[in-house]
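**Q** show me how the following folds:
(2 chains)
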Amino acid sequence: MAATFQGLGAAAALSLSGSFDPNRLHLPCRRSLSVTRLSFVVRLEERIVSGSNLPPRRAQQLVSKAVATKADAASASTASKPGHELLLFEALREGLEEEMDRDPQVCVMGEDVGHYGGSYKVTKGLADKFGDLRVLDTPIAENAFTGMGIGAAMTGLRPVVEGMNMGFLLLAFNQISNNCGMLHYTSGGQFKIPIVIRGPGGVGRQLGAEHSQRLESYFQSIPGIQMVACSTPYNAKGLMKAAIRSENPVILFEHVLLYNLKERIPDEEYVLNLEEAEMVRPGEHITILTYSRMRYHVMQAAKTLVNKGYDPEVIDIRSLKPFDLYTIGNSVKKTHRVLIVEECMRTGGIGASLTAAITENFHDYLDAPIMCLSSQDVPTPYAGTLENWTVVQPAQIVTAVEQLCQ
Amino acid sequence: MALSRLSSSSASRCVDLLINPLAAAAAAIPRRLISSDTTPITVETSVPFSVHNCDGPSRSVETTPKELVSFFKDMATMRRMEIAADSLYKAKLIRGFCHLYDGQEAVAVGMEAAITKKDCIITAYRDHCTFLGRGGTLLECFSELMGRKAGCSKGKGGSMHFYKKDSGFYGGHGIVGAQIPLGCGLAFAQKYSKDENVTFALYGDGAANQGQLFEALNIACLWDLPAILVCENNHYGMGTAEWRAAKSPAYYKRGDYAPGLKVDGMDALAVKQACKFAKEHALKNGPIILEMDTYRYHGHSMSDPGSTYRTRDEISGVRQERDPIERIRKLVLSLDLATEKELKDMEKEIRKEVDDAIAQAKESPMPDPSELFTNVYAKGFGTEVYGADRKEVRSVLP
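**A** Residues are numbered from 1 along each chain as shown, chains lettered A, B, ... in the order given. Next up, the predicted model:
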């Protein structure tokens, strides 16, 4: 059951407090985005044990900015162990390709994933490498090809179904809800559905109402599925691999605007834990829970907050179903204040469920009511200015933190 | 059971229009023990096949005495089971929805005779008899209907969710039409693993109007999948007659580019012939649509009397003229494969078997409360789960 840590200078320290001394680094500078990672190599079948954030040695040097922007991440990483730099969609492709090499049962189906290379280039080159039987171009029939993916999964195949845009998967809602989520249960455990359903969602750049949907709120009540949202190239690759290896049906939410994020990721193989949240920036004053694109808005707000003297703890929850209440709970017990920043609609979104879960479990530890910043309950407008108003902006996050921390 | 020697006067019994003159000669041969008699018999189907874009199979069906008697036995078991389920439902031991298959047994039995357990069958909610045909036991069936632990889905599925993975029965689906893309997915997996098997995806005349059928058919034909779409046309989609729901009730022609075959679904031998033909076709040339012209005696489900949208004369007319069990009974008797008394004894035995299974199922316990949380995920997270009050039901997921 050994999980070997690749962190530099890693002792077996698993707790956050053991790995760095706050007194030595009392400056408002913390680690850069790309540095905080849970990197460990895991063996295939075993459960992934929760690891910690082990800061590489260079965090001990002064970093003049509280949070790294993209350019910083690139330069800061050159000092770290060698890896390779790539964009988020390339990271997804790498994860997918490695899994397809490893297991001949993995196949991809979706619109334009084969010869065209994928509308966001996630599957580029795979059709040439693996052939038409493993990378399948489907006609525009989401209900049918999602159903076919589920039927194939019932026999043991491991299909990866791509929705060109998450919103199109609404047409396959019946298949996802009734067949994908429930077949393992209604058959008394006879059938496993190891399918991965993935696609880009979220509000993009003026794509219009129907192409800016956030389906995580619709799917969250379906029993039997797991939902994860990736936000960096590192966790995109790791989550893709974990989702394919999982015996449960997994819905992997990507974001249209994050596909061109660049990061340096390890050369070695790694698989992340599907049910775990990621600690982006430890802090003391307030816990900010977020996922997907809002992580970057939060980190931008964190810059301002740090300059104003606050110390926010930022957690990328990653696992939307089930919630990683262990990590979240530990954070709440430390800071006693929670702010949730999400891109979902206010009504019935992930934030609403998360608020309920935290209140139910950690009510005694809260010093203030949980605040949830979500998108407005409106169809996303086309006009750029209006669109910006529907999503949560960093300035609003700063105001919310100031309000909570009074 | 001991069979007596045939007397020469039996030849005069073979005047039934169903059989061809060859059978009369066969009847003069002394009978052997039916359970091992495999002398081939050729029977001609009474209704010709209607074809669309293909040459249908021949009307002469090869069968054996063993097979004919097993048809009778299986269909009688299915009929008895469904009637028993009817009484159990009225006694409130079966709750919720219960869709009965009596009248349509020939489709299940004929299909089984043409395929192996490696081929897959997937159907909708009228699945009790298909499950039995695939090798399910009466005990599993009744236990599942009554929601007991010994059921095939551990009591968690119910009437509409019977599954048997080891013999290729993929259910058991409640949403009309949703099983067709699943069935094409099974065919895709069969093509992917190159194992020369086919999938039969069954649906009803009501589901034939679903868009996902045509979507799935398009993909199956494009990718050349070994999928056979079987429309069990019992002429009524719940309460709506087929001519009121479909502009074109020729369901076998709806495939357009896909070949189609219309079969008399009350004739088990015709069904067998058609399924054999379809299997060969699907392995070589891709998907084919079969339309089984059949009939259900009960209403759509136990909550539907079945007489508000059709006349009792119609139902009794079909029962008299086209009943699948009576047809096989007449055939067996006219071929002198068994006497009237032997068949009646067989039916009595079946009745007893069914009653025993019900008694045993009634004694099977209800599922444990902890079963509420099992099988939600294939691999759980070791989390603790509890019911609404957090006191009575507590368990730890795997």
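**Q** residue nearest the centroid of chain B?
**A** Nearest to the mean C-alpha position of chain B, by Cα atoms, centre = their mean, lies residue B:108 at 2.6 Å.
**Q** residues near the residue in the stretch 251-398 of chain B positioned nearest to chain A, how many?
**A** Across the stretch 251-398 of chain B, no residue is closer to chain A than residue B:378, which sits at 3.7 Å (Cβ to the nearest Cβ). Quick note: C-beta positions are derived from backbone N, CA and C, even for glycine. Residue B:378: 17 surrounding residues under other Cβ atoms under 10 Å in any protein chain shown.
**Q** show the contacting residues for it.
**A** The contact partners of residue B:378, taken as Cβ atoms under 8 Å, 6 or more residues apart in numbering or on different chains, are A:184, A:192, A:193, A:194, A:247, A:248.
**Q** apply 6 Å and report the result again.
**A** Residues in contact with residue B:378 (Cβ atoms under 6 Å, 6 or more residues apart in numbering or on different chains) are A:184, A:192, A:247, A:248.
**Q** any idea of the pLDDT on the last one?
**A** In this case it means residue A:248. What the model reports as pLDDT for residue A:248 is 93.
**Q** give me the three-state assignment for it.
**A** Here residue A:248 is coil, with the state taken from DSSP: H, G, I helix; E, B strand; the rest coil.
**Q** that older thread, sec struct for the residue of the stretch 251-398 of chain B closest to chain A, please.
**A** For residue B:378, the assignment made with three-state DSSP gives coil.
**Q** list phi and psi for the residue lying closest to it once chain neighbours are set aside.
**A** The shortest distance from residue B:378 to any non-neighbouring residue, by Cβ to Cβ, 6 or more residues apart in numbering or on different chains, is to residue A:247 (3.7 Å). Backbone geometry at residue A:247, expressed as degrees, to the nearest 10, gives phi -80, psi -10.
**Q** my read: residue A:247 touches residue B:375, true?
**A** No - using Cβ atoms under 6 Å, residue A:247 is not in contact with residue B:375, being 11.6 Å away.
**Q** more neighbours: which of the two?
**A** Between residue A:247 and residue B:375, counted using other Cβ under 10 Å, the more crowded position is residue B:375 (24 against 13).
**Q** contacting residues around that one?
**A** Neighbours of residue B:375 in contact, by Cβ under 6 Å, 6+ apart: A:184, A:185, A:189.
**Q** where in the stretch 101-250 of chain B is pLDDT low?
**A** Across the stretch 101-250 of chain B, nothing is flagged by pLDDT under 70.
**Q** which stretches in it count as helices?
**A** Taking DSSP state H, counting those that start in this stretch, the helices of the stretch 101-250 of chain B run over residues B:105-114, B:128-133, B:138-145, B:179-192, B:211-222, B:242-245.
**Q** so which of those helices comes closest to chain A?
**A** Chain A lies closest, by Cβ to the nearest Cβ, to one member of the helices of the stretch 101-250 of chain B: helix B:179-192, at 2.3 Å.
**Q** buried residues of whichever strand or helix holds residue B:87, list them for me.
**A** Per DSSP states H and E, residue B:87 falls inside helix B:65-90. For helix B:65-90, the buried set under the neighbour-count rule, 16 or more other Cβ atoms under 10 Å in any protein chain shown, comprises B:65-86, B:88-89.
**Q** quick check: mean pLDDT across it?
**A** The predicted model gives helix B:65-90 an average pLDDT of 95.
**Q** by contact count, what packs against that helix?
**A** Helices and strands touching helix B:65-90, by 3 or more Cβ pairs under 6 Å, 6 or more residues apart in numbering or on different chains; DSSP states H and E, are helix B:105-114, helix B:324-334, helix B:340-363.
**Q** okay, the angle between that helix and helix B:324-334?
**A** Angle, helix B:65-90 to helix B:324-334, by axes from the mean of the first three to the mean of the last three Cα atoms, to 10 degrees: 150 degrees.
**Q** near the closest residue to residue A:243 other than its chain neighbours, how many other residues are there?
**A** Once flanking residues are discounted, residue A:243 sits nearest to residue A:250: 4.0 Å by Cβ to Cβ, 6+ apart. A count of nearby residues for residue A:250, using other Cβ under 10 Å, gives 26.
**Q** run a quick check on residue A:250 versus residue A:244, I expect a contact.
**A** No - between residue A:250 and residue A:244 no contact is recorded; they are 8.2 Å apart, counting by Cβ under 6 Å.
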